[in-house]
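[1] Sequence and predicted structure below; questions after.
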Amino acid sequence: MAEYEFLKGHGTENDFVLLPDLDGTIHGDLSPERVRALCDRRAGIGGDGVLRVLRRGDGWFMDYRNSDGSLSEMCGNGIRVFARYLVDAGLADPAQPIPVDTRDGRKVLTVDGDLITADMGTPRVLGESKVAVPGHTWPARHVDMGNPHAVAFVDSLDDAGPLLDPPEHDAATYPDGVNVEFVVRRGERHVAMRVHERGSGETRSCGTGACAVMVAAAVADGLGPGSAYRVDVPGGTLTVTWTDDDRVLLTGPAVIVARGTTSL
Ligand SMILES: N[C@H](CCC[C@H](N)C(=O)O)C(=O)O
């Protein structure tokens with residue numbers, strides 16, 4: 001296997017292997033096996049997922065894969081790292097909005113120094129089901145951010161336990177699996193969360209999950225569009241804004257920590 005370029009980056013410690021493949025001739029079908037090998041934290045580079053950078057028309061396509069090799073529609077932390085790469089590589093002007101196509105349609109990124117804001121589009125606030133870990137069951141609000149989320153409000157984040165396995169959830173509600181967030185209140189319009197991600201396990205942060213958490217908290221608080229929350233994650237802090245015209249903006253850091261070559 002030939003050597004090829006990779007970069008390593010993270011957004012609030014949700015970390016990714018980024019693969020420039022602008023004309024799509026390097027990585028072919030990018031098999032689940034290769035994604036797992038790249039994300040392996042011992043035998044590989046290590047990451048919660050892979051961000052493959054493809055040109056699409058006059059713009060870009062973010063080909064996101066979870067660390068188990070599965071596909072997802074969107075990745076809120078990953079798309080900020082994706083935009084940081086484009087700017088650092090001179091492929092995008094940080095003074096202009098950066099459109100990026102995803103499996104959940106086009107998102108627009110804006111860069112403000114160390115912080116990048118992703119317009120995540122309109123949230124879908126759906127029904128309630130239940131999630132469970134050994135010894136605990138909670139009601140969970142179903143919020144769709146292009147990918148599925150189950151948001152459970154808990155007394156303590158420790159109640160979620162070690163989160164070594166996917167929390168039990170309603171397969172009929174989530175036929176393709178689900179990202180499960182556990183949330184505690186920290187103050188007015190300020191929450192903290194843990195997450196067990198579909199396809200990656202517990203991560204230090206989840207951007208789409210932070211958006212789902214904010215929307216669920218705002219609804220529970222009798223708020224809605226026109227509000228903003230601080231969302232603390234184990235890997236840092238994100239700001240989520242629900243705009244008056246019913247879009248969710250996710251603001252946070254995005255850091256490239258390394259670049260190199262690999263033959264994985
Ligand atoms: N595991 C998620 C995709 C990555 C989401 C997360 N890393 C984010 O920042 O949004 C899923 O299968 O829907």
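    Looks like it came in fine.
[2] these two touch, right, residue 235 and residue 202?
    No. Here residue 235 lies out of contact with residue 202, judged by CB atoms under 8 Å, at a distance of 11.2 Å. The C-beta positions use only the backbone N, C-alpha and C, and glycine is treated the same way.
[3] What are the buried residues along the host helix or strand of residue 78?
    Per DSSP states H and E, residue 78 falls inside helix 76-88. Neighbour-count burial for helix 76-88, counted by 16 or more other CB atoms under 10 Å, picks out 76-87.
[4] One more: stretch 218-232?
    Neighbour count says stretch 218-232 has 218-219, 223, 225, 227, 229-232 buried, by 16+ other CB under 10 Å.
[5] closest to the ligand among those?
    residue 231 (11.8 Å; CB to the nearest ligand atom).
[6] tell me the pLDDT at the closest one?
    We have a pLDDT of 99 for residue 231.
[7] Could you look up the SS state of it?
    Residue 231 carries the three-state label strand when classified by DSSP: H, G, I helix; E, B strand; the rest coil.
[8] residues touching it, list them.
    By CB atoms under 8 Å, 6 or more residues apart in numbering, the residues touching residue 231 are 191-193, 210, 213-214, 237-240.
[9] For it, give the beta-bridge partners.
    Beta bridges link residue 231 to residue 191, residue 238, judged by DSSP bridges.
[10] who in the protein is up against the ligand?
    14, 48, 66, 72, 75-78, 147, 179, 197-200, 206-208 (CB under 6 Å from any ligand atom).
[11] Strands - which of those residues land there?
    The strands, defined by DSSP state E, take in 14, 66, 179, 197 from those.
[12] domains of the protein?
    4-115+253-262, 124-246 (automatic domain parsing).
[13] end to end, how far does stretch 152-161 reach?
    One end of stretch 152-161 sits 14 Å from the other (CA to CA, to the nearest Å).
[14] Now do the buried residues in it.
    Neighbour-count burial for stretch 152-161, counted by 16+ other CB under 10 Å, picks out 152-154, 160.
[15] out of these, what pair is the most spread apart?
    Among these, the pair separated by the greatest distance (CB to CB) is 153 and 160, at 11.5 Å.
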